[in-house]
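pasting the structure only:
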């Protein structure tokens, strides 16, 4: 067995160093942006607004990006690189399910804010779905109008 894949059997996309680098660099940028948002937005009534805002913005942008890529040509090399860098990397790093889960658990465990914890979790999921849908609608309208670049 050789260390290099034969030319007629290229290495799968998820195993290519260039793909991994795109996701890693995008992820670092997205995570840094989320941290900046966390430092800029206060916690209000025990609710970590930055995580809520990051997840909602990220959901919208993911819907917008993926809809635009599907309508353009999602299989084109440029689209694949953009999806890996911006979608999986940057927006994957910007959004955070683990912080949502941790913050929800802390709110629920505190006892005094149990209703707040449940509302926070439900609002994030419901409004996140709506934000994704809105991103898809905007992406579809932009590409239908010739606005995709």
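The structure has been received and is ready for your questions. Keep in mind that this is a model prediction, so the values were computed, not measured.

okay, now residue 134: neighbour count?
Neighbour count of residue 134, defined by other CB atoms under 10 Å: 16. Bear in mind the C-beta positions are built from the backbone N, C-alpha and C, glycine included.

Before we move on, what's the pLDDT of it?
Reading off the confidence values, residue 134 has pLDDT 98.

How about residue 82?
As predicted, residue 82 sits at a pLDDT of 93.

Quick check: the gap between it and residue 17.
18 Å (CB to CB, to the nearest Å).

swap in residue 102?
32 Å.

So between those two, which is more surrounded?
residue 102 (13 against 8).

Please pull up the helix or strand immediately following the helix or strand encompassing the more buried one.
Following DSSP states H and E, one finds residue 102 within helix 97-109. Moving toward the C-terminus from helix 97-109, the next helix or strand (DSSP H and E) is helix 114-144.

name the helices or strands packed onto that following helix?
Contact here means 3 or more CB pairs under 8 Å, 6 or more residues apart in numbering; DSSP states H and E; on that basis helix 114-144 packs against helix 49-72, helix 97-109.

the inter-axis angle of the last one versus helix 114-144?
Computed by axes from the mean of the first three to the mean of the last three CA atoms, to 10 degrees, the angle separating helix 97-109 from helix 114-144 equals 150 degrees.
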